[in-house]
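Novice: Okay, predicted coordinates and the sequence, questions at the end:
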Amino acid sequence: MTDNDIAIKLENVSKTFHIRDKKKKSFPDVIKGIFTGNNKRKIEAVKNITLNIKKGEFFGIVGANGSGKSTLLHLMTGVYRPDKGGKASINGNYIRLSLGLGFNQELTARENVFINASVMGLTFREIENKFHKIIRFAELEKFIDTKIKYFSRGMRARLAFAVAIHANADIILLDEFFGGVGDEKFRTKSEKLFEKAILRERTIVLVSHNLSIIKEHAKRVLLMHNGECMITGTPDKVFLYYQKVLKVNKLRINEDKTDA
């Protein structure tokens, strides 16, 4: 496989955050921390991941909350820079979708469509031609000039999805996007259009707790745990391993409670 066949390439990628604890400290502890450097806590969100995602591949990422899934997406897109020694590259036009991502709460649906669609690669003329189609699909004809801050979570999700399916992107990264996209009727409609308009000839990376969607579409899946890649493989292989990991964690939690 040549580099031209790869959509996303990660080489020894790690991401470490240094944060200050919010708990109050005594003045002597603060002074001591300044000289010792112990006033910050280190969080290793992603640890040494190497990964190639092929063009046209549907790739799933699963793991418990806090396992590093969203941080890994940020590293793919360049929002976060990897720690020294790691390299991340993305080959193509991409969009990252998370529910409500990129919406300005003080702007109307119309204004947000134009801003978000232009960021995703559409020209103003293209947006004008597709605007009413986007609004109709989102079922928001009565709320075109209503500020987004008055929208429900489902309304924002429908608008975000409607804009995304009309975007010019080779690579689409979805962060827990499905499962909250409107009511049952809209979810059925969006999933059908997703299969028809998005899956064809595009690279999809889906982070989700909805294992059924990943199992249905993904060819490969990565399981993350405590920032590490535990296993990469077919959905069946990874999900079986995932269940074992969860069982082990539950046992440890119960043991900790017993010890306490």
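Specialist: Noted; the coordinates are in hand. As the structure is a computational prediction, the values presented were derived from the model and not from experiment.

Novice: which stretches of the stretch 101-250 of the chain form helices?
Specialist: 109-119, 124-138, 153-164, 184-193, 211-217, 235-259 (DSSP state H, counting those that start in this stretch).

Novice: Include mean pLDDT and distance to Asp83 when you put these into JSON lines, please.
Specialist: Placement of C-beta: from N, CA and C, glycine included. Formatted as JSON lines, those follow (pLDDT from 0 to 100; distance: least, Cβ to Cβ, whole Å):
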{"stretch": "helix 109-119", "mean pLDDT": "90", "distance to Asp83": "28"}
{"stretch": "helix 124-138", "mean pLDDT": "93", "distance to Asp83": "38"}
{"stretch": "helix 153-164", "mean pLDDT": "82", "distance to Asp83": "31"}
{"stretch": "helix 184-193", "mean pLDDT": "68", "distance to Asp83": "37"}
{"stretch": "helix 211-217", "mean pLDDT": "86", "distance to Asp83": "28"}
{"stretch": "helix 235-259", "mean pLDDT": "67", "distance to Asp83": "25"}
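
Novice: Could you single out the most deeply buried of the ones you listed?
Specialist: The highest mean neighbour count among those, using mean count of other Cβ atoms under 10 Å, belongs to helix 153-164: a mean of 23.

Novice: ok so, going back, turn the helices of the stretch 101-250 of the chain into TSV, including distance to His74.
Specialist: Shown next, in TSV, are these (distance: least, Cβ to Cβ, whole Å):
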stretch	distance to His74
helix 109-119	17
helix 124-138	27
helix 153-164	18
helix 184-193	25
helix 211-217	20
helix 235-259	22
